[in-house]
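Q: Sequence plus the predicted model coming up.
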Amino acid sequence: MDASEYASQATGDFGELLPAGLTCVVRGLPKESNRCFVVHEVSLFCREVPVGYIKIEFSPRKLWDKTLPTIMHFAAELEGYCGLREAIGERDVCEQVRILDGYLNFYSFNNAIPSPTVEQCNAALPELLATLKWKMQARYEGFRTWWRGCGNVAYVSVEKDFQGLGISRLLYLLAARHSASLGIRFFASTVQTESANGAWVSMTKRGWVSTTSKFSKDAKQRRFIKKTIFADDSLVARVADDVLAAIYKATLLVV
């Protein structure tokens with residue numbers, strides 16, 4: 001299964017959970033370079049008026065394993081030559097490696113630099129690969145831990161006229177439920193606005209959120225919405241009812 005197939009899974013309207021008047025649409029978004037990442041957008045409407053949306057970025061396990069199964073795949077797809085340059089700068093490598101590195105780095109800009117001989121390439125390649133693996137090991141393991149089978153909030157937005165009505169909490173719940181249906185653990189973003197952090201603090205007080213360091217690159221705690229709260233759909237339905245009532249109470253839309 002590739003990214004386009006995962007995008008095709010991003011369909012649904014949660015119609016059975018939401019009261020009449022609220023509609024939720026889930027769709028996959030294209031990325032310029034999908035690699036092993038997928039973005040789904042969960043949008044909420046009240047009587048066809050858009051009130052907010054949330055974007056989830058995640059890497060399904062099967063897609064990760066197909067795209068980045070090894071350190072070398074990771075280096076080629078995500079880190080590229082920059083990682084190799086850093087590694088060479090930090091290690092005492094042999095002269096053949098420096099010759100090959102100089103050629104790879106400057107050839108496209110300066111054709112006067114002579115290409116290395118076959119003998120020099122053969123002598124440099126094993127150490128060049130070992131150097132790259134040495135540099136990439138920690139990055140690969142950390143990135144894999146952070147992303148494989150995990151989803152992060154990429155962006156959340158509530159229309160200005162509808163802020164303060166609990167819509168962001170409902171969006172988080174709908175996004176987490178959608179993630180759970182795909183086998184993805186739904187994590188909070190590590191970079192949050194004050195309002196986004198306030199929403200997660202509020203959900204934590206309600207018992208919807210837990211923390212773990214198991215999926216962290218640096219052993220720090222990451223907040224996630226617990227799958228157990230979706231044992232039945234009464235919570236989502238109740239929050240949706242409260243949101244709809246708040247919208248009507250604020251007379252933003254006529255019943």
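A: Great, that's in hand. Residues are numbered from 1 along each chain as shown.
Q: give the contact list for the nearest residue to residue 162 once chain neighbours are set aside.
A: Spatial nearest neighbour of residue 162, excluding adjacent residues (Cβ to Cβ, 6 or more residues apart in numbering): residue 51 at 4.4 Å. Every C-beta, even on glycine, is put in place using the N, C-alpha and C of the backbone. Residues near residue 51 by Cβ atoms under 8 Å, 6 or more residues apart in numbering: 44-45, 158-159, 162, 167, 247.
Q: Check which residues of stretch 237-255 are buried.
A: Across stretch 237-255, burial judged by 16 or more other Cβ atoms under 10 Å covers 239-240, 243-244, 247, 253.
Q: of those, closest to residue 25?
A: Of all the buried residues of stretch 237-255, residue 240 has the smallest distance to residue 25: 14.3 Å, by Cβ to Cβ.
Q: Make TSV out of the buried residues of stretch 237-255 and add pLDDT.
A: Shown next, in TSV, are the buried residues of stretch 237-255 (pLDDT from 0 to 100):
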residue	pLDDT
239	93
240	93
243	93
244	93
247	90
253	56
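Q: ok so, going back, name the element the residue nearest to residue 162 belongs to?
A: strand 49-58 (DSSP states H and E).
Q: what about the next helix or strand after that strand, distance to the chain center?
A: Proceeding N to C from strand 49-58, the next assigned helix or strand is helix 61-67, under DSSP H and E. Remark: helix 61-67 is offset 14 Å from the chain centroid, using Cα atoms, centre = their mean, to the nearest Å.
Q: just the contacts of residue 51 now: which is nearest residue 64?
A: For the contacts of residue 51, the residue nearest residue 64 by Cβ to Cβ is residue 44; the value is 29.2 Å.
Q: Restrict the helix or strand where the closest one lies to CA atoms and write it as CSV.
A: Using DSSP H and E, residue 44 falls within strand 38-46. Taking Å, rounded to 0.1, in the frame of the first residue of the first chain, the C-alpha atoms of strand 38-46 are listed here in CSV:
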residue,chain,number,x,y,z
VAL,A,38,0.4,10.9,4.8
VAL,A,39,-1.7,13.9,5.6
HIS,A,40,-5.5,13.7,6.4
GLU,A,41,-7.7,16.6,7.0
VAL,A,42,-10.8,16.5,9.2
SER,A,43,-13.1,19.4,8.5
LEU,A,44,-16.2,20.4,10.5
PHE,A,45,-19.3,22.2,9.1
CYS,A,46,-22.4,23.6,10.8
